[in-house]
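Participant: dropping the sequence and predicted coords here.
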Amino acid sequence: MDIDYAIRKDEPPTITETSIPDAIDLYEKWERSNRLSMMFIKTKISAGIRGSVEQHNKVKDLLKAIDEQFATSDKALASTLIMQFSSMKLIGIKGVRDHIMHMRDIAAQLEALEVKILSYESKVIGYGTLIDGLYSIELQNDAAYNSMHITAGLKRCVVNEESSMLWHRRLGHISIKRIKRLVNEGVLSTLNFADFETCIDCIKGKQTNKSKKGAKRSTNLLEIIHTDICCPDMDIVSPKYFVTFIDDYSRYMYLYLLRSKDKTLDAFKIFKAEVENQCGKQIKIVRSDRGGEYYGRYTESGQAPGPFAKFLQEHGIVAQHTMPGSPDQNGVAERRNRTLMDMVFSVASSNFTIKKLRDTSSVPRATAAAIATAFRPDLARSSAH
């Protein structure tokens, strides 16, 4: 019996009253082959495909419907593979080989489904460093980078030491006026100010509120010392805080790194011993906020002085505390903290590391150093390389 006859041959004319015996035999042969072929196909295909294909009475129509169903499945599979291929992410360095093999496997499946993956010429646009599972790509601003570097050969660039923009960044993004003053006083060598332009990092890092004016300054060294503690976002292994002591007359500053706030008194004792010995004067007033490290605790009966407040009382130093919620009353220390943090944010924004900044974060002003110690700093020696 020719079971696939109905697949190979078209359906003959149906039997009528006028059909001849040969036509009747041919139709019955086709009809029997069609019925057996339908039964055989339905028993062999999976239940999922059989349930998703419409019912047909002719084997050719059934085969065509199955082909169309498989074509739809191929499109869905291709769409899924393309989605997987485009959203694949590399996690860690150790999984690079598995990542590449998985990509090749998906590409092979897509090729079998006649889906072409176009390839383009690769071009290096930057280099990245893997930090905590993420690649950090360093992209330089061409204008600023070119002004701070000089081409030396085909592939090597050296730092342009005469660039005013370079020294602006090295000194914590100070103003062009201060740079020119340092040049005039001989602290810096002659610079080229033609390359100095608006610094976007300064705009990002130095936004501030309106300042209040009208305060009176001291007339002698060590009459008033402004102090405050700041907690920048540093590494866990590094000191968490820093404390500043600023002379009101000269604006000269001492900065000490602290691992905890309870070390504030130790830093002040070191500061007090040095400045009083060097200047031959006594500290008269210390102005600070009402932080626990300075003020102590406030109880129902009044102030419960802490170690710092007791030390000031024992040495006859007047403690001036700001009112709660009024940081502007300790504006000198607050502004200096802001200046230091502006340096941190601006330098960090321009792709310098905060770690390097810690060694040069308290570069003294030439005028403040001259007033307080008659010392002129040599910035050329302490420049960052």
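Facilitator: Cool, got the structure.
Participant: which stretches in the stretch 51-200 of the chain count as strands?
Facilitator: With DSSP state E, counting those that start in this stretch, the ranges of strands along the stretch 51-200 of the chain come out as 128-131, 134-137, 149-151, 157-159.
Participant: mind giving me the domain ranges of this structure?
Facilitator: Listed by automatic domain parsing, the domain ranges of the chain are 5-112, 142-197, 219-373.
Participant: which among those domains is found nearest to residue 206?
Facilitator: domain 219-373 (4.6 Å; C-beta to C-beta). Every residue, glycine included, has its C-beta placed from N, CA and C.
Participant: what pLDDT, on average, does that closest one get?
Facilitator: Taken as a whole, domain 219-373 has an average pLDDT of 79.
Participant: just checking, residue 5 touches residue 28?
Facilitator: No - the criterion here is C-beta atoms under 8 Å, and residue 5 misses it with residue 28 at 11.1 Å.
Participant: who's more crowded, these two?
Facilitator: Using other C-beta atoms under 10 Å, the more surrounded residue of residue 5 and residue 28 is residue 5, with 18 against 12.
Participant: which residues touch that one?
Facilitator: The contact partners of residue 5, by C-beta atoms under 8 Å, 6 or more residues apart in numbering, come to 29-30, 33.
Participant: helices along the protein, start to end?
Facilitator: 5-8, 21-44, 47-52, 59-86, 96-112, 142-148, 164-170, 176-184, 200-205, 264-279, 307-314, 331-349, 354-357, 366-373 (DSSP state H).
Participant: kindly reformat the ones you listed as CSV containing distance to residue 299.
Facilitator: Output for those, formatted as CSV (distance: least, C-beta to C-beta, whole Å):
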stretch, distance to residue 299
helix 5-8, 100
helix 21-44, 91
helix 47-52, 78
helix 59-86, 65
helix 96-112, 63
helix 142-148, 56
helix 164-170, 49
helix 176-184, 46
helix 200-205, 41
helix 264-279, 21
helix 307-314, 13
helix 331-349, 26
helix 354-357, 40
helix 366-373, 39
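Participant: among these, which is the most enclosed?
Facilitator: The highest average neighbour count among the helices of the chain, using mean count of other C-beta atoms under 10 Å, belongs to helix 164-170 at a mean of 22.
Participant: could you export it as PDB, CA atoms only?
Facilitator: In PDB, the C-alpha atoms belonging to helix 164-170 read as follows (Å, rounded to 0.1, in the frame of the first residue of the first chain):
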ATOM      1  CA  SER A 164      48.500  78.400  34.300                       C
ATOM      2  CA  MET A 165      45.600  75.900  34.000                       C
ATOM      3  CA  LEU A 166      48.000  73.200  35.200                       C
ATOM      4  CA  TRP A 167      48.900  75.200  38.300                       C
ATOM      5  CA  HIS A 168      45.300  76.100  38.800                       C
ATOM      6  CA  ARG A 169      44.500  72.400  39.200                       C
ATOM      7  CA  ARG A 170      47.600  71.600  41.200                       C
END
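Participant: that helix packs against which elements?
Facilitator: Contacts defined by 3 or more C-beta pairs under 8 Å, 6 or more residues apart in numbering; DSSP states H and E place helix 164-170 against helix 142-148, helix 176-184.
Participant: shaky segments in the stretch 101-250 of the chain?
Facilitator: Scanning the stretch 101-250 of the chain for pLDDT under 70 picks out 116-130, 133, 135-159, 207-215, 233-238.
Participant: any idea how far residue 41 lies from residue 12?
Facilitator: 21 Å (C-beta to C-beta, to the nearest Å).
Participant: repeat for residue 344
Facilitator: 92 Å.
Participant: so which of the domains of the chain comes closest to residue 132?
Facilitator: That would be, of the domains of the chain and by C-beta to C-beta, domain 5-112, which comes in at 10.8 Å.
Participant: measure the closest one end to end?
Facilitator: From its first residue to its last, domain 5-112 covers 32 Å (C-alpha to C-alpha, to the nearest Å).
Participant: alright, I will stop here.
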